[in-house]
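In: can't give you the sequence, but here's the structure:
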Ligand SMILES: Nc1ncnc2c1ncn2[C@@H]1O[C@H](COP(=O)(O)OP(=O)(O)OP(=O)(O)O)[C@@H](O)[C@H]1O
Ligand SMILES: CC(C)(CO)[C@@H](O)C(=O)NCCC(=O)O
Ligand SMILES: [K+]
């Protein structure tokens, strides 16, 4: 089985693939202070409760946008599983030309999403990933990564309001009952939720116009399911896009 690990700024998502089938996935908080041994113990517990043995894992692939944790997880792979992982970054085969000024600068998660999206849709597409940040990535019909946009994530936006205004509380990110809201919590939710729907549709619409093509628009990430139904542009939510991209990249780089 293949262990795929996506290290984000808020969460580390782990998945176990048996061939092309995702058999389990877990989400643990990203903690830059944790050591490889601490992650090892945590992962051992998750495996134990799912009835999966460390010995069943025959390969590992990692993508990380938290540089301090890349080394920690590489060490964990070595000492707990006995394998050096494939690490998404300069030097691996992506099968996707990267048209960024400096290709090393693009977040590995964005490349992984782009690879998974293009493999599935085989056409031009815009991928919106609602994570710590919300990223927008454009892949052209030839399967080249063209770049995109980075916006503050939904949770970061809410936290900023809460931290900077004394009378504003921390609120759940949900669709409020009305946009003309009658209390502080609903007012914040109205601003964040509808403001965000507008942000997404505006960026996608401008990307589509700039591309002079008709890309498919797909979304992923924990809050995609909240925003997608209200968005005029998002056509589909692909919950496991990043894990799927890691599996595909492993296949392209084995041996
Ligand atoms: N239903 C929800 N309600 C409120 N917050 C949520 C919900 N689902 C996810 N979140 C939070 O939204 C943020 C983005 O979630 P998501 O799981 O897409 O990204 P993430 O994996 O945390 O991001 P990253 O990959 O950058 O670490 C996180 O802070 C997560 O804790
Ligand atoms: C934007 C995030 C934080 C999203 O996880 C990540 O992809 C990242 O750190 N990217 C590096 C900058 C860039 O993609 O241009
Ligand atoms: K992510």
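Out: Received the coordinates, thanks. Worth saying up front: this structure is predicted, and the values here are computed from it rather than measured. Ligands and ions are numbered 1, 2, ... in the order given.
In: SS state for residue 151?
Out: Under DSSP: H, G, I helix; E, B strand; the rest coil, residue 151 falls in the strand class.
In: dump the residue contacts of it.
Out: Applying C-beta atoms under 8 Å, 6 or more residues apart in numbering to residue 151 gives the contacts 133-136, 199, 203. Any C-beta I mention is one placed from the backbone N, CA and C, and that applies to glycine too.
In: let's see it at 7 Å
Out: Counting by C-beta atoms under 7 Å, 6 or more residues apart in numbering, residue 151 makes contact with 133-134, 199.
In: all helices of the protein, in order?
Out: 36-50, 67-76, 108-121, 154-164, 184-211, 224-227, 241-253 (DSSP state H).
In: In CSV: these, plus mean neighbour count.
Out: Converted to CSV, the helices of the chain look like this (neighbours: other C-beta atoms under 10 Å):
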stretch, mean neighbour count
helix 36-50, 15
helix 67-76, 17
helix 108-121, 24
helix 154-164, 15
helix 184-211, 17
helix 224-227, 20
helix 241-253, 22
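In: with the contacts of residue 151 in mind, which one is nearest to ligand 2?
Out: Nearest to ligand 2 among the contacts of residue 151: residue 133, at 4.2 Å, using C-beta to the nearest ligand atom.
In: The closest one pairs with what?
Out: residue 152 (DSSP bridges).
In: Near it, how many other residues are there?
Out: Per other C-beta atoms under 10 Å, the neighbour tally for residue 133 reads 21.
In: cool, residue 240 as well?
Out: Neighbours of residue 240 (other C-beta under 10 Å): 16.
In: on that earlier part again, mind putting the helices of the chain into TSV with distance to ligand 2 and mean pLDDT?
Out: Below are the helices of the chain laid out as TSV (distance: least, C-beta to the nearest ligand atom, whole Å; pLDDT from 0 to 100):
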stretch	distance to ligand 2	mean pLDDT
helix 36-50	19	96
helix 67-76	9	96
helix 108-121	5	98
helix 154-164	10	97
helix 184-211	14	98
helix 224-227	14	97
helix 241-253	10	98
